[in-house]
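Enquirer: What would the 3D arrangement of this be:
(one chain, ligands or ions: 1)
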Amino acid sequence: MTKKAFITGLTGQDGSYLAELLLAKGYQVFGLVRRSSTSNLERVSHLFNQIQIVSGDLLDQSSLMDVVTETQPDEIYNLASQSYVPLSWTQPALTAEYTALGVSRLLESIRRCKPDAKFYQASSSEVFGQPDESPQTERTAFRPRNPYGVAKAYAHWMTINYRQKYNLYACCGITYTHESPRRGTEFVFRKITQAAAKIKLGLANELKLGNLDARRDWCYAKDAVYAMWLMLQQEQPDDFIIASGETHSVRELVECAFNYIGLNWQDYVSVDPAFYRPDEAVQLVGCIDKIKTKLALQPQYSFKELVELMVDYDLKLLSGNK
Ligand code: NAP
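Expert: Below is the predicted model:
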């Protein structure tokens with residue numbers, strides 16, 4: 001029988017890749033989209049004739065209950081959230097509404113309307129904040145340092161509590177930063193690949209960045225969504241860190257992008273303290289032993305491959321070939 005999957009956050013980076021993956025696996029895919037006055041379906045426009053868009057909002061309990069009742073999904077992936085850390089400082093209450101309480105509303109909808117559905121919650125490495133060990137494991141203490149991380153920590157523990165109290169098949173994937181050509185340009189990885197492409201094409205001549213020594217655990221969004229799907233294919237629900245298991249500095253990223261297009265990054269890049277993140281989370285790197293051992297999974301794309309495929313995409317996009 002055809003499996004049915006319901007994705008929240010369909011219009012986001014991960015939602016669009018997950019929809020592609022599930023369609024390729026033969027699923028019927030329903031994607032939650034909240035109303036907006038202009039279309040935000042750009043990332044999934046190529047899938048229109050294959051997915052079913054359903055209207056709803058994580059802020060609205062009844063819309064979630066209606067969708068879960070009507071679609072009766074086998075698998076539910078909650079990827080929707082206010083996902084931008086700096087905004088969580090200027091809109092902390094709204095971040096909590098979407099990213100924390102939205103998950104409570106969704107878990108209640110599942111418990112009441114489709115308790116045998118398998119549920120994936122998008123947790124984040126931001127729950128670790130300033131961790132007391134590195135790399136972090138699934139057992140590392142949560143010490144979130146921004147409202148986004150606090151909201152994700154709440155959502156994480158609510159998911160585990162619903163699993164324990166109501167016996168739901170509910171799991172959390174603690175993802176570290178993952179990137180792709182569909183990533184917003186407010187995030188540093190895409191900001192760099194797009195700026196390198198612009199400079200190469202003569203559309204810009206400088207790039208201002210914050211701390212070049214900041215290190216991140218970056219992986220490709222396609223690897224991340226595959227891990228999400230695999231987590232829901234197991235006999236028992238469990239929580240996993242989804243990461244590359246290695247860190248690279250912003251400097252390495254810049255070097256890699258500019259080397260790829262044959263330019264010397266030092267001729268174009270300057271450091272502007274205005275871009276420093278005051279709450280820079282250091283040494284966030286995921287231990288991927290559990291996911292490697294229990295799910296036999298490891299990243300398919302290297303850091304260098306990811307940088308190069310994103311620069312290639314931005315070069316094509318900016319020269320009108322996309
Ligand atoms: P994204 O591109 O920012 O997408 C967020 C999605 O959430 C969008 O589809 C957005 O819809 C939707 N959304 C926001 N508020 C909503 C609401 N009230 N009701 C319904 N939908 C709502 O995020 P992403 O990069 O794909 O990340 C997916 C998930 O993983 C998020 O939960 C994020 O916090 C988490 N995560 C991501 C990363 C990463 O590196 N990408 C790392 C760790 C964790 P609109 O189009 O209408 O705005």
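
Enquirer: how about the strands in the stretch 51-200 of the chain?
Expert: For the stretch 51-200 of the chain, strands defined by DSSP state E, counting those that start in this stretch occupy the ranges 51-55, 75-78, 118-124, 169-175, 178-179.

Enquirer: With just CA atoms, put the third one into PDB.
Expert: Okay, so that is strand 118-124. Taking Å, rounded to 0.1, in the frame of the first residue of the first chain, the C-alpha atoms of strand 118-124 are listed here in PDB:
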ATOM      1  CA  LYS A 118       5.500   7.900  13.200                       C
ATOM      2  CA  PHE A 119       6.700  11.400  14.100                       C
ATOM      3  CA  TYR A 120      10.100  13.100  13.400                       C
ATOM      4  CA  GLN A 121      10.900  16.300  15.300                       C
ATOM      5  CA  ALA A 122      13.600  18.600  13.900                       C
ATOM      6  CA  SER A 123      15.800  19.300  16.900                       C
ATOM      7  CA  SER A 124      18.900  21.400  16.600                       C
END
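
Enquirer: Can you spell out which helices and strands pack onto that strand?
Expert: Applying 3 or more Cβ pairs under 8 Å, 6 or more residues apart in numbering; DSSP states H and E, one finds that strand 118-124 contacts strand 75-78, helix 102-113, helix 147-166, strand 169-175, helix 221-231. No exception for glycine: its C-beta is placed from N, CA and C like everyone else's.

Enquirer: before we move on, the earlier item: tell me which of the strands of the stretch 51-200 of the chain lies nearest to Lys191.
Expert: strand 178-179 (10.7 Å; Cβ to Cβ).

Enquirer: strands paired with that closest one, and their directions?
Expert: strand 219-220 (parallel) (DSSP bridges).

Enquirer: what's next to the partner strand, contact-wise?
Expert: Identification of contacts with strand 219-220 by Cβ atoms under 8 Å, 6 or more residues apart in numbering yields 176-180, 242-244, 299-301, 305-306.

Enquirer: again with stretch 227-241
Expert: 14, 18, 21-22, 25, 75, 77, 118, 120, 122-123, 125, 136-138, 156, 160, 163, 168-174, 176, 242, 286-288, 290-291, 294-295, 297.

Enquirer: Leaving out chain neighbours, which residue sits closest to the residue in the chain positioned nearest to the ligand?
Expert: Going by Cβ to the nearest ligand atom, the ligand is nearest to Gly12 of the chain, at 2.1 Å. The shortest distance from Gly12 to any non-neighbouring residue, by Cβ to Cβ, 6 or more residues apart in numbering, is to Leu79 (6.1 Å).

Enquirer: contacting residues for that neighbour?
Expert: Ile7, Thr8, Gly9, Leu10, Gly12, Asp14, Gly15, Leu18, Ala122.

Enquirer: Could you measure from the fifth one over to Arg183?
Expert: Looking back up the chat, that one is Gly12. For Gly12, the distance to Arg183 equals 10 Å [Cβ to Cβ, to the nearest Å].

Enquirer: what do these two both touch?
Expert: What both Gly12 and Arg183 touch, as defined by Cβ under 8 Å, 6+ apart, is an empty set.

Enquirer: Burial check on Arg34, number of neighbours?
Expert: A count of neighbours around Arg34, defined by other Cβ atoms under 10 Å, yields 16.

Enquirer: Verify the stated contact: Leu47 with Glu20.
Expert: Yes. When contacts are counted by Cβ atoms under 8 Å, Leu47 is listed as touching Glu20 (6.8 Å).

Enquirer: Go through stretch 211-229 and flag the buried ones.
Expert: Residues of stretch 211-229 classed as buried by neighbour count (16 or more other Cβ atoms under 10 Å): 211, 214-229.

Enquirer: got the residues of the protein near the ligand?
Expert: Counting by Cβ under 6 Å from any ligand atom, the chain comes close to the ligand at 8-15, 32, 34, 36, 40, 57-59, 79-83, 98, 102, 122, 124, 175, 177-178.

Enquirer: which residues are contacting the helix or strand bottoming out on mean pLDDT in the chain?
Expert: When each helix and strand of the chain is scored by mean pLDDT, DSSP states H and E, strand 215-216 comes last, with a mean of 92. For strand 215-216, contacts defined as Cβ under 8 Å, 6+ apart pick out Tyr176, Thr177, Thr247, His248, Ser249, Val250, Val282, Gln283, Leu284, Val285.

Enquirer: Please identify the pairing partners of it and their relative orientation?
Expert: Strand 215-216 has these strand partners (DSSP bridges): strand 248-249 (antiparallel).

Enquirer: And the next helix or strand past the strand it pairs with?
Expert: Moving toward the C-terminus from strand 248-249, the next helix or strand (DSSP states H and E) is helix 250-260.

Enquirer: thinking again about what came up before, which among the residues of the chain next to the ligand end up buried?
Expert: Looks like the residues of the chain next to the ligand have 8-15, 32, 34, 57-58, 79-83, 98, 102, 122, 124, 175, 177-178 buried, using 16+ other Cβ under 10 Å.
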